[in-house]
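Participant: Sequence first, predicted coordinates after that:
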Amino acid sequence: MCLAIPAKIVELLPDDQARIDLGGVRKEVSLALVEDVAVGDYVIIHVGYALTKLDPEEAARTLALFAELDDEARAAAMAQA
């Protein structure tokens, strides 16, 4: 199973690289597979590569779903403790 997640571009770097923000964690990724991206755009990230540009509203919905899953997982873990 693969997981690709939305991330916001916070800085464009040389050599088709960018710095992205993943919930406060910043990471460098390759932009070699996407075109016409800018700071503030959302991209789908998988294994260090931006795969495609993502609509900001879709990114927000997806990130909200991930946050909801995290909240439910934490609640379940606390209930088992």
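Facilitator: Right, received. Where do you want to start?

Participant: strand partners of the longest strand seen in the chain, parallel vs antiparallel please.
Facilitator: With secondary structure taken from DSSP state E, the chain has its longest strand at strand 5-13. When pairing is defined by DSSP bridges, strand 5-13 lines up against strand 17-22 (antiparallel), strand 42-46 (antiparallel).

Participant: what's the average pLDDT for stretch 60-67?
Facilitator: Summarised as a single mean, pLDDT over stretch 60-67 is 88.

Participant: Just the residues contacting it, thanks.
Facilitator: Contacting residues not belonging to stretch 60-67 are listed as 5-6, 23, 54 [Cβ atoms under 8 Å, 6 or more residues apart in numbering]. Quick note: C-beta positions are derived from backbone N, CA and C, even for glycine.

Participant: again, only this time at 7 Å
Facilitator: Residues outside stretch 60-67 that contact it (Cβ atoms under 7 Å, 6 or more residues apart in numbering) are Pro6.

Participant: one step back: now do the buried residues in the longest strand of the chain.
Facilitator: Buried residues in strand 5-13, counting neighbours by 16 or more other Cβ atoms under 10 Å, are found at 6-9.

Participant: Please apply the same query to stretch 11-21.
Facilitator: So, applying 16+ other Cβ under 10 Å, buried residues of stretch 11-21: 18-20.

Participant: Likewise for stretch 31-38?
Facilitator: 31, 34, 37.

Participant: By mean pLDDT, which helix or strand of the chain comes out lowest?
Facilitator: helix 56-80 (a mean of 86; mean pLDDT, DSSP states H and E).

Participant: quick one: that one to strand 17-22, angle?
Facilitator: Between the axes of helix 56-80 and strand 17-22, defined by axes from the mean of the first three to the mean of the last three Cα atoms, to 10 degrees, the angle is 50 degrees.
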